[in-house]
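# please work out how this folds:
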Amino acid sequence: MNLTTDEREQLEALVRKRSASAALTRRARCVLLWADGERRVDIRTKLACNDAFVTRWSTAFEQQGLAGLVSIHPGRAPVRSVAKLEARVLNRTLKHKPKDGSTHWSSRKLAAELGDVSFSAVQRIWRKHGVQPHRLECHLISNDPDFELKAADVIGLYLSPPAHAAVFCVDEKTAIQALDRKDRMLPLAPGRAQSHGFEYKRNGTLSLFAALNTATGEVLGMTAARHTSEQFVSFLGDVIASQPQGREIHVICDNVSSHKTALVQEFLAEHSNVRIHYTPTYSSWLNQVENWFARIQRDVISRGIFTSVKDLDKKLMHYIRQYNKDPKPIKWKYDDPQRRYRQFQ
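So this is what the prediction gives:
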């Protein structure tokens, strides 16, 4: 490095200046030593620095002169308004779709779309405001014009049932497949989940009728090859037989056609102590027995291996008998009545 007379005088004056910062003085000494032909090893010893320090500041002085010794740090980007940044991210997330045709945003995809926002900032904003684009829930809107009245009737039976009456939630789980696996089961082991073969063999189907006593949690079950109106009426007969003679019985069920046939009406006419309460259309969540069906699906059906329909029947009824040894009523409630889907744009 060749220094002009003026440059050397400026650097030497900076080194002698008592009010100059130690860091700036050290950089000026580095440039002077480098210009005087000192070896790197000697400069490192005198200034207690490394080779990167020598290269950095000698290069900065060559490019910018004395101003280059002040700092070559690029500085920080101007601080942006957090509220404006959050509004921008949320507006793009909630009101726009990705241009590549994707159905939802990922944090990296949105950051690339906005250009000047990191994906971690997008994640923080989403987390703060409870936005979860990766999740998808399902809903079904009831089109029943008498939804409020029917829902109030069913909920009233749960919260304030008639005195000395029994309330049953009745439904059928149809077309349960008796699936047998072609390959042997691999058992649960440390570091390995239980596994069964992908290929299966169908051994037929079965329908399960269930009646949940809302007061005790006890479940009455019956299996049938099909879910016909005749089978439904037969099952209602079993429900009546489980109660003292003449006791008032309220049955909650859905609007499937087999529950509304002439045969059912004849049965109700013969048994004046039985009354059926139909849930609103597309409102199966109002029927407590659906909660119990989810339990038997999880505990028995999903991972079960059934060699025949008879084997399936045996395992379903065994589960019901064991469940009834310690039944518990469902603590059903609707947390937020104001959270209703009324209209979609």
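# please enumerate the strands of the stretch 101-250 of the chain.
Along the stretch 101-250 of the chain, the segments classed as strands by DSSP state E, counting those that start in this stretch run 165-181, 200-213, 219-224, 248-253.
# pairing partners for the third one, with directions?
Sheet pairing of strand 219-224 (DSSP bridges) gives strand 200-213 (antiparallel).
# now do Ala20 against Ser107, distance only.
Distance, Ala20 to Ser107, by Cβ to Cβ, to the nearest Å: 47 Å. Just so you know, the C-beta spots here come from the backbone N, C-alpha and C atoms, and that holds for glycine as well.
# tell me which of these two has more neighbours.
Taking neighbours as other Cβ atoms under 10 Å, Ala20 and Ser107 compare with Ser107 leading, 21 against 14.
# that one against Gln123, yeah?
Yes: contact criterion Cβ atoms under 8 Å: Ser107 and Gln123 qualify, at 4.8 Å.
# mind listing the helices for the stretch 101-250 of the chain?
Secondary structure of the stretch 101-250 of the chain, counting by DSSP state H, counting those that start in this stretch: helices at 107-114, 119-129, 147-159, 229-241.
# got CSV for these, with distance to Val31 and mean pLDDT too?
Formatted as CSV, these follow (distance: least, Cβ to Cβ, whole Å; pLDDT from 0 to 100):
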stretch, distance to Val31, mean pLDDT
helix 107-114, 41, 94
helix 119-129, 39, 95
helix 147-159, 83, 89
helix 229-241, 96, 91
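# and those as JSON lines, adding distance to Asn213?
Formatted as JSON lines, the helices of the stretch 101-250 of the chain follow (distance: least, Cβ to Cβ, whole Å):
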{"stretch": "helix 107-114", "distance to Asn213": "48"}
{"stretch": "helix 119-129", "distance to Asn213": "43"}
{"stretch": "helix 147-159", "distance to Asn213": "12"}
{"stretch": "helix 229-241", "distance to Asn213": "9"}
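# for Leu94, find the nearest of the ones you listed.
helix 119-129 (9.7 Å; Cβ to Cβ).
# got a list of contacts for the closest one?
Contacts with helix 119-129, where a contact means Cβ atoms under 8 Å, 6 or more residues apart in numbering, come from 85-86, 89-90, 93, 107-108, 110-111, 114, 131-133.
# thinking again about what came up before, figure out which of the strands of the stretch 101-250 of the chain is closest to Lys46.
strand 165-181 (78.2 Å).
# for the closest one, name the packing helices and strands.
With contacts taken as 3 or more Cβ pairs under 8 Å, 6 or more residues apart in numbering; DSSP states H and E, strand 165-181 sits against strand 200-213, helix 229-241, strand 248-253, helix 289-296, helix 309-323.
# which one is Ile296 nearest to, not counting chain neighbours?
Leaving out its chain neighbours, the residue that sits closest to Ile296 by Cβ to Cβ, 6 or more residues apart in numbering is Tyr319, at 6.1 Å.
# repeat that for Glu38.
Nearest to Glu38 is Lys46, by Cβ to Cβ, 6+ apart, at 7.9 Å.
# low-confidence stretches in the stretch 201-345 of the chain?
332-345 (pLDDT under 70).
# list the buried residues of stretch 176-196.
Ile176, Gln177, Ala178, Leu179, Asp180, His196 (16 or more other Cβ atoms under 10 Å).
# per-residue pLDDT of the fourth one, please?
Right, Leu179. pLDDT, Leu179: 88.
# run through the bridge partners of the closest residue in space to it that isn't next to it in sequence.
With Cβ to Cβ, 6+ apart as the criterion, Leu179 has its nearest non-adjacent residue at 4.6 Å, and that residue is Tyr200. When bridges are called by DSSP bridges, Tyr200 pairs up with Arg181.
# tell me if I'm right that Tyr200 and Arg303 touch.
No: the pair Tyr200 / Arg303 is not scored as a contact, 12.0 Å apart, by Cβ under 8 Å.
# these two: who's more crowded?
Tyr200 (14 against 10).
# confidence score at the more buried one?
83.
# who are the contact partners of it?
Leu179, Asp180, Arg181, Lys182.
# out of the contacts of helix 119-129, who's nearest Asp42?
Nearest member of the contacts of helix 119-129 to Asp42, counting by Cβ to Cβ, is Ala111, at 48.3 Å.
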